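**Q** need coordinates for the following:
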Amino acid sequence: MAEKYAVVDRQLVAAEWDGSKRIAIEIDENMQNGSVVLIDNRVEGEMNLFTVKTPAANTPIEKIGFVASPEVWADERKRNMSDFINIKGTIGNADILEKGNVVAMTKEGFDGEPVVGKFVELQASRKLKVVDTPTSGSTVFGKIIDLYNDKYGIEFGKED
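**A** The predicted model follows:
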């Protein structure tokens, strides 16, 4: 069976009305939508193209991008949203979220079992880590507030 990747919804994100909050990123490794990346540097000679890195657990939240590229397939045999992955060497999209924004994704995007009421935080990985309570020294991404259509809604910046 083929690997399934996270499917995301951009429910309430600032990028929907503020174009400066949606940036183009160089995909430096195969990565699924719902990944979190450290926005590194603007590519020389480009207005809206940035390099990315894997964040640390304590990366400041304002330096984090939430990967949410449009699902476009080169292989017509792949038609499920869960078949989509951002391919290394291509250009993808990331949202710069603001407190109160809401994104949602399927369980494949989490490290740990997502449950409404749990928190998600950064780790030295591109997957969000599910925790019962925020870990000292780690950056809280948000709180899981809802489950609908197999997607877990995360309120960005919610720490209580």
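**Q** which strands or helices does whichever strand or helix holds Gly92 pack on?
**A** Taking DSSP states H and E as the definition, one finds Gly92 inside strand 91-95. Counting contacts by 3 or more C-beta pairs under 8 Å, 6 or more residues apart in numbering; DSSP states H and E, strand 91-95 is packed against strand 22-26, strand 49-53, strand 64-67. Bear in mind the C-beta positions are built from the backbone N, C-alpha and C, glycine included.
**Q** that strand: what's the following helix or strand?
**A** By DSSP H and E, the next helix or strand past strand 91-95 is strand 102-105.
**Q** just want the angle from the lowest-mean-pLDDT helix or strand in the chain to strand 22-26.
**A** Across the helices and strands of the chain, the lowest-confidence element by mean pLDDT, DSSP states H and E is strand 8-12, at a mean of 89. Between the axis of strand 8-12 and that of strand 22-26 there is an angle of 150 degrees, by axes from the mean of the first three to the mean of the last three C-alpha atoms, to 10 degrees.
**Q** tell me the strands beside strand 8-12, with direction?
**A** For strand 8-12, sheet partners with direction are given as strand 102-105 (antiparallel), following DSSP bridges.
**Q** now the strand it pairs with: average pLDDT?
**A** In this model, strand 102-105 carries a mean pLDDT of 97.
**Q** now swap in stretch 123-132 and tell me
**A** Mean per-residue pLDDT for stretch 123-132: 98.
**Q** buried residues in it?
**A** Neighbour counts over stretch 123-132 (16 or more other C-beta atoms under 10 Å) mark 123, 126-131 as buried.
**Q** circling back: out of the helices and strands packed on strand 91-95, nearest to Tyr148?
**A** Closest to Tyr148 of the helices and strands packed on strand 91-95 is strand 64-67 (C-beta to C-beta; 18.4 Å).
**Q** given the closest one, what are its sheet partners and their directions?
**A** Within its sheet, strand 64-67 is paired with strand 36-42 (antiparallel), strand 91-95 (antiparallel), according to DSSP bridges.
**Q** how distant is it from the center of its chain?
**A** Computed by C-alpha atoms, centre = their mean, to the nearest Å, the separation of strand 64-67 from the middle of its chain amounts to 5 Å.
**Q** pLDDT (mean, whole number) over it?
**A** Strand 64-67 comes out with an average pLDDT of 97.
**Q** dump the C-alpha coordinates for that strand into PDB.
**A** Taking Å, rounded to 0.1, in the frame of the first residue of the first chain, the C-alpha atoms of strand 64-67 are listed here in PDB:
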ATOM      1  CA  ILE A  64       7.900  29.200  11.500                       C
ATOM      2  CA  GLY A  65       6.100  28.500   8.300                       C
ATOM      3  CA  PHE A  66       3.200  26.000   7.900                       C
ATOM      4  CA  VAL A  67       3.600  24.200   4.600                       C
END
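**Q** fine by me, thanks again.
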